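Novice: sharing a sequence plus its predicted fold:
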Amino acid sequence: MPQPRTLKVIEVFPSVQGEGLRLGEPTIFVRLSGCNLHCAFCDTKYARRGGDDCAPEEVIDLVLTIRRLFPCRWVCLTGGEPLLQDIGALTRGLKRKGLRVQVETNGTLRRPLTADWYSVSPKPPKFSVAPGLISKAREVKLIVTRPLSFRDVQKVRRKFPSKTPLLLQPQSNLDWSFRKGWVLVQRSLRAGLPNVRLTLQAHKVFKLP
Ligand code: SF4
């Protein structure tokens, strides 16, 4: 069935990228509505449904308006799960305007997009990753939840090439999760798991959106 021309958009806002290897870079975020998973630890539950109907051209215009006062190079398409919607026209349009496009995805879906940066965050319990995304991922983020086990870390690490960093990201910057992340990194080192790193949600430290 053909998908509608409009996108369901929750919000468009300037900030800095608070997560992953692009941490600290000024970025305009486009948060798309809807998700195909139901993670208990989700910190963007408000983005699972609703949103305004916007044509891709309207979203691009809004990004360009924000960019006049916030002249950054990057746009991050996030959610929810942005790959649930047909973001091809949006991605192409943003790139035609000279912007670089990051996609933050849970990794379960794949679309033929010309994105510059895929940030893949597989989610429990299956940590499923669409085969086409495995070589595209520039980084893999794993949320350090209470149930996350070292076996889960091993399982996700093995899905991706060792050159792709696996970032352990504490759940909502909670103290117990920082401590657990440190334990998991040490265990990964001892077990010889390659390229496992610790990170955090910097936008929450800076109290940014
Ligand atoms: S995949 Fe992400 S947006 Fe979707 S429910 Fe899980 S944490 Fe929330």
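Specialist: Okay, I see it.

Novice: in a strand, that's where residue 188 is, yeah?
Specialist: No: applying DSSP: H, G, I helix; E, B strand; the rest coil, one finds residue 188 to be helix, outside a strand.

Novice: OK, contacts around the residue most central in space within the chain?
Specialist: In the chain, the C-alpha nearest the mean C-alpha coordinate belongs to residue 104, at 2.4 Å (CA atoms, centre = their mean). By CB atoms under 8 Å, 6 or more residues apart in numbering, residue 104 lies in contact with 19, 76, 77, 78, 79, 82, 119, 121. Heads up, the C-betas are built off the backbone N, CA and C, glycines and all.

Novice: just the helices in this protein please.
Specialist: Ranges of helices in the chain, per DSSP state H, are 56-69, 88-96, 131-134, 150-159, 175-190, 202-205.

Novice: got the residues of this protein near the ligand?
Specialist: Residues of the chain lying close to the ligand by CB under 6 Å from any ligand atom are 35, 37, 38, 39, 42, 44, 79, 80, 81, 106, 123.

Novice: buried members of those residues into ChimeraX, please.
Specialist: Entered in ChimeraX, the line below selects the buried ones among the residues of the chain next to the ligand, by 16 or more other CB atoms under 10 Å:
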select :35,39,79,80,81,106,123
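
Novice: need the residues of the chain next to the ligand in CSV (columns: pLDDT).
Specialist: As requested, these are exported to CSV (pLDDT from 0 to 100):
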residue, pLDDT
35, 98
37, 97
38, 95
39, 97
42, 96
44, 95
79, 96
80, 95
81, 98
106, 98
123, 98
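
Novice: out of the residues of the chain next to the ligand, which are inside strands?
Specialist: Among those, no residue falls in strands (DSSP state E).

Novice: related to what we said a few turns ago, any idea how far the residue nearest to the centre of the chain lies from residue 81?
Specialist: 9 Å (CB to CB, to the nearest Å).

Novice: over to residue 49?
Specialist: With distances taken as CB to CB, residue 49 is found 12 Å from residue 81.

Novice: where in the protein is pLDDT low?
Specialist: For the chain, the stretches with pLDDT under 70 are 1-4.

Novice: run the angle between the lengthiest strand in it and helix 56-69 for me.
Specialist: Across the chain, the longest stretch assigned as strand under DSSP E is strand 7-16. Strand 7-16 runs at 10 degrees relative to helix 56-69, counting by axes from the mean of the first three to the mean of the last three CA atoms, to 10 degrees.

Novice: which parts of strand 7-16 are buried?
Specialist: By 16+ other CB under 10 Å, the buried positions in strand 7-16 come out as 7, 8, 9, 10, 12, 14, 15, 16.

Novice: out of the residues you listed, which two sit at the greatest distance?
Specialist: Across the buried residues of strand 7-16, the longest distance by CB to CB is 25.1 Å; it joins 8 and 16.

Novice: looking at the contacts of residue 104, which is nearest the ligand?
Specialist: Taking CB to the nearest ligand atom as the measure, residue 79 is the one of those closest to the ligand, at 5.4 Å.

Novice: ok, now which ones touch that closest one?
Specialist: With contact taken as CB under 8 Å, 6+ apart, residue 79 is in contact with 10, 31, 32, 33, 34, 35, 44, 47, 104.
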